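Participant: I would like to see how this sequence folds:
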Amino acid sequence: MTDLSIIIVSWNVADLLAACLDSILNNTPDSLAVEIIVVDSASSDDTVAQVYDRYPQVKLLPQTDNLGFTRCNNIGLAASSGRYVMLLNPDTEIVGDALALMVDYLDQNADVGLIGPRTLNADGSTQSTRRRFPSLAVLFLESTWLQPFAPRAMLDAYYMADAPDDATFDIDWAQGSALMARRAVYRQIGGLDEGYIMYSEEVDWCKRAKNAGWRVVYLGAARIIHHGGKSSEQVAARSHIHFQQSKLRYTRKYHGRLAAQVLRAFLFLNYGWQLALEAAKGLLGHKRDLRRARVRAYWQVIRSGLKVS
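Facilitator: This is a model prediction of the structure:
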């Protein structure tokens, strides 16, 4: 019986994917039966050929269209067979016995539905990947130009900054770059909500799991490296749009339609202000290429209408 199914959604990051697969294969003990499923979202690089050639043990599911991160993860989940399933980004690397530690923790704690590891940057520093569910104030202020002016206590509570990085404790949700779940959770609440193209899908998944009575845990002893955002960097404006649309969907789903409408208006004002500021800086001759790129990105966000499915 397969212990763990690892689902990796990849798009045009062949070299990073190879490093990720190597780290899994090199750090999986013989006692742990693991299947690796790569769902390729219509990459234009040599990802598919590379996986076929170098990793015959990997179950490759190449898609003919770019279906989006969330839908591709669901395709991988549907094809999996493990007692546990793990969503893993292609720009990550497993460190040491992280997989075995996570599986063992779930084996010993039957009420824990999902678990996230300690996530490191390439330089060894710790990424902030454990969270409490966002309040309305956090949804309005996070990732806008107003975030530096937000109350420090509010942000520290949201980011769980008071908890040691190497400890084990209950959280509300963990970043989806590395998130392991019981098959029982998947069977009970279903896969990721495909209304989120990318971003916030893991917040929603953990929210639904906790609402169904499962615990979510951060396991500081298990470590991975996350190089961060290498697929989304290829489409900066589209990433902005998906991020904010996902934030709006989450707000509407858990805080109501009115809150989502007010947040949408606020985001338009936010992007309009940023666009005007970048345009002014560009006219003054300060880093003009950067300013033009940002103006184009912010204008695309505004033109999108930030429509929520």
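
Participant: Which elements pack onto the longest strand seen in the chain?
Facilitator: Among the elements of the chain assigned as strand by DSSP state E, the one spanning the most residues is strand 215-226. Using 3 or more CB pairs under 8 Å, 6 or more residues apart in numbering; DSSP states H and E as the contact definition, the elements that strand 215-226 packs against are strand 92-95, helix 98-108, strand 112-120, strand 168-171, strand 173-174, helix 201-211. All C-beta atoms are positioned from the backbone trio N, CA, C, and that covers glycine.

Participant: Quick one: residues contacting the nearest residue to residue 82 once chain neighbours are set aside.
Facilitator: Nearest in space to residue 82, with sequence neighbours left out and distances taken as CB to CB, 6 or more residues apart in numbering, is residue 5 at 3.5 Å. The contact partners of residue 5, by CB atoms under 8 Å, 6 or more residues apart in numbering, come to 34-37, 76, 80-82, 84-86.

Participant: pretty sure residue 16 is in a strand, no?
Facilitator: No: the assignment for residue 16, made by DSSP: H, G, I helix; E, B strand; the rest coil, is helix rather than a strand.

Participant: For burial, what's the neighbour tally of it?
Facilitator: A count of nearby residues for residue 16, using other CB atoms under 10 Å, gives 19.

Participant: so how far is residue 135 from the nearest residue to residue 147 once chain neighbours are set aside?
Facilitator: Counting by CB to CB, 6+ apart, the nearest residue to residue 147 once its immediate chain neighbours are dropped is residue 141, at 5.4 Å. Counting by CB to CB, to the nearest Å, the separation of residue 141 from residue 135 is 10 Å.

Participant: One more: residue 26?
Facilitator: Using CB to CB, one gets 41 Å for the distance from residue 26 to residue 135.

Participant: Please apply the same query to residue 257.
Facilitator: If you measure residue 257 against residue 135 using CB to CB, the figure is 18 Å.

Participant: Repeat that for residue 69.
Facilitator: Between residue 69 and residue 135 the distance is 25 Å, computed by CB to CB.

Participant: right, and residue 212 touches residue 187 too?
Facilitator: No: under the contact definition of CB atoms under 8 Å, residue 212 does not touch residue 187, with a separation of 10.8 Å.

Participant: Comparing the two, which shows the higher neighbour count?
Facilitator: For residue 212 against residue 187, the residue with the higher neighbour count under other CB under 10 Å is residue 212, and the figures read 11 against 8.

Participant: Domains in the protein, by residue range?
Facilitator: Residue ranges for each domain of the chain read 4-134+163-228, 233-304, as given by automatic domain parsing.

Participant: Residue 84: neighbour count?
Facilitator: Residues near residue 84, counting by other CB under 10 Å, number 25.

Participant: pretty sure it is touching residue 184, no?
Facilitator: No: using CB under 8 Å, residue 84 is not in contact with residue 184; the gap is 9.6 Å.

Participant: hmm, back to that, between the helices and strands packed on strand 215-226, which one is closest to residue 245.
Facilitator: For the helices and strands packed on strand 215-226, the distance to residue 245 is smallest for helix 201-211, at 11.6 Å, taking CB to CB.

Participant: so how far is the longest strand of the chain off the chain centroid?
Facilitator: 14 Å (CA atoms, centre = their mean, to the nearest Å).

Participant: Please write out the alpha-carbon positions of the helix or strand just after it in CSV.
Facilitator: Scanning forward in sequence from strand 215-226 by DSSP states H and E, the next helix or strand is helix 236-255. Extracted in CSV, the C-alpha atoms of helix 236-255 (Å, rounded to 0.1, in the frame of the first residue of the first chain):
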residue,chain,number,x,y,z
ALA,A,236,3.7,39.1,-12.9
ALA,A,237,0.5,41.0,-13.8
ARG,A,238,-1.5,37.8,-14.0
SER,A,239,-0.2,36.8,-10.6
HIS,A,240,-1.4,40.1,-9.1
ILE,A,241,-4.9,39.5,-10.7
HIS,A,242,-5.1,35.9,-9.4
PHE,A,243,-3.9,36.9,-5.9
GLN,A,244,-6.5,39.6,-5.5
GLN,A,245,-9.3,37.6,-7.1
SER,A,246,-8.6,34.8,-4.7
LYS,A,247,-8.6,37.2,-1.7
LEU,A,248,-12.0,38.4,-2.9
ARG,A,249,-13.3,34.9,-3.3
TYR,A,250,-12.2,34.0,0.2
THR,A,251,-13.7,37.2,1.6
ARG,A,252,-17.0,36.6,-0.1
LYS,A,253,-17.1,32.9,1.0
TYR,A,254,-16.3,33.5,4.7
HIS,A,255,-17.1,37.2,5.4
